[in-house]
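# 3D, please:
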Amino acid sequence: MRAGQFNERITFEKKSVTRDPAFGSEVVTWVTHADAYADVQELDAVEQVINGVRTLRGRSLIKLRWLPGVLSDMRIRVVATGTLLQITSVADMRKRIGMTIQAEEYSA
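So this is what the prediction gives:
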C-alpha cells in the first residue's frame, strides 16, 4: 500500500444514543471515531423513483491503512464534499496492513 494513493480525507463517525431529559425520547448524535486518508472509488449509482420521490443510491469502495475499532454500524464522512456513506462491510487485509470498506450513499 503506497501512501500516495490515499488522497481523500475521511472521518469515521459512530452513533451515540442518549435520552432527552424532558421527554425521555432517544436523541441520536454522531461522534468522531477516527480521521484518516483513504482512496475513495465510486463504483456505481442507481436512480429510482419511489412513491413520487427521486432517490439516488451510490456504492463506493474505500481503501485505507488499518484502523482499530472500525465497525459496519459506523458511517464515513468525506471531508472535501461532506458526503455521508453508510458502511456495509469491512474487510481487513492480511496482517492488518490495510482495510477495504464497502459503503453506500443515500440521497432523496
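
# and the lengthiest strand in the chain, what's buried?
Identified as the longest strand of the chain according to DSSP state E is strand 26-50. Within strand 26-50, the residues scored as buried using 16 or more other C-beta atoms under 10 Å are 33, 36, 38-40. From N, CA and C alone the C-beta is placed, and that goes for glycine too.

# same check, this time on stretch 90-107
90, 98-99, 101-103, 105.

# now do stretch 7-20
Residues 8, 10, 12-14 are the ones in stretch 7-20 that count as buried (16+ other C-beta under 10 Å).

# pipe those into TSV and attach distance to residue 23 and pLDDT per row.
Below are the buried residues of stretch 7-20 laid out as TSV (distance: C-beta to C-beta, whole Å; pLDDT from 0 to 100):
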residue	distance to residue 23	pLDDT
8	40	94
10	34	97
12	30	97
13	25	96
14	24	96
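
# between those, which sits nearest residue 26?
Nearest to residue 26 among the buried residues of stretch 7-20, counting by C-beta to C-beta, is residue 14 at 15.5 Å.

# just the element for residue 82, please.
Assessed by DSSP states H and E, residue 82 sits outside every helix and strand.

# show me the shaky parts of the chain.
For the chain, the stretches with pLDDT under 70 are 1-3, 107-108.

# show me the contacts for the residue lying closest to residue 85 once chain neighbours are set aside.
Among residues not flanking residue 85 along the chain, residue 103 sits closest, at 3.7 Å (C-beta to C-beta, 6 or more residues apart in numbering). Residues near residue 103 by C-beta atoms under 8 Å, 6 or more residues apart in numbering: 59-60, 62, 75-76, 85-88.

# ok, and the most crowded of those residues?
For these, the largest number of neighbours (other C-beta atoms under 10 Å) sits with residue 76, at 25 neighbours.
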